[in-house]
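> Generate coordinates for the sequence data below:
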Amino acid sequence: MSTTQAYSGLNRPGWLTFAAVVLFSVGFLRIISAIYYFADSTRVANVSAGALGNHLFLWGLWDLLIAVLALSAGFSLLSGNTFGRVIGYGWAVVVIVQSFLIIQYAPWFGFGTLLLAILVIYALSVSSDWRETPV
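Just a heads-up that it's a prediction; the model follows:
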């Protein structure tokens, strides 16, 4: 059996798969960073001058919100639902806002998350006409 035959039922665009993988990766990493915030870890950057101040619990909730959005969008995108696209766009807007809020304190992190959010928006918009067709 060739690889073409093995994957003939899967015709998902590559950009859509890229967006789902980015959303999964960011979701799991944000869960880890939320745990650090909740534990009041010394590994957390100094965010006391940020939007939520020195309230690490609120920063942890913010990261959990982003993680839940990312993971639910990733699962929904892989199953071909429109819900994943809507949540993916919402996730990207939230991450872009956060990127601009944090870019002066952590420039590389802010720029990296901004770039990933823009790539996810591009991936979702390029593959907007694709729908999962039942076999």
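
> residue ranges for the helices of this structure, please.
3-6, 14-38, 56-78, 82-102, 107-126 (DSSP state H).

> where among these is the average confidence lowest?
Lowest mean pLDDT within those: helix 3-6, at a mean of 51.

> Return the distance of stretch 104-121 from the chain's centre.
Relative to the centre of its chain, stretch 104-121 is centred 11 Å away, using CA atoms, centre = their mean, to the nearest Å.

> how about the nearest residue to Val68 once chain neighbours are set aside, what does it touch?
Spatial nearest neighbour of Val68, excluding adjacent residues (CB to CB, 6 or more residues apart in numbering): Gly27 at 7.6 Å. (Glycine included, C-beta is placed from N, CA and C.) The contact partners of Gly27, by CB atoms under 8 Å, 6 or more residues apart in numbering, come to Ile66, Ala67, Val68, Leu69, Ala70, Leu71, Gly74.

> hang on, isn't the fourth one packed against Ala92?
In this case it means Leu69. No - taking CB atoms under 8 Å as the definition, Leu69 is not a contact partner of Ala92, at 9.4 Å.
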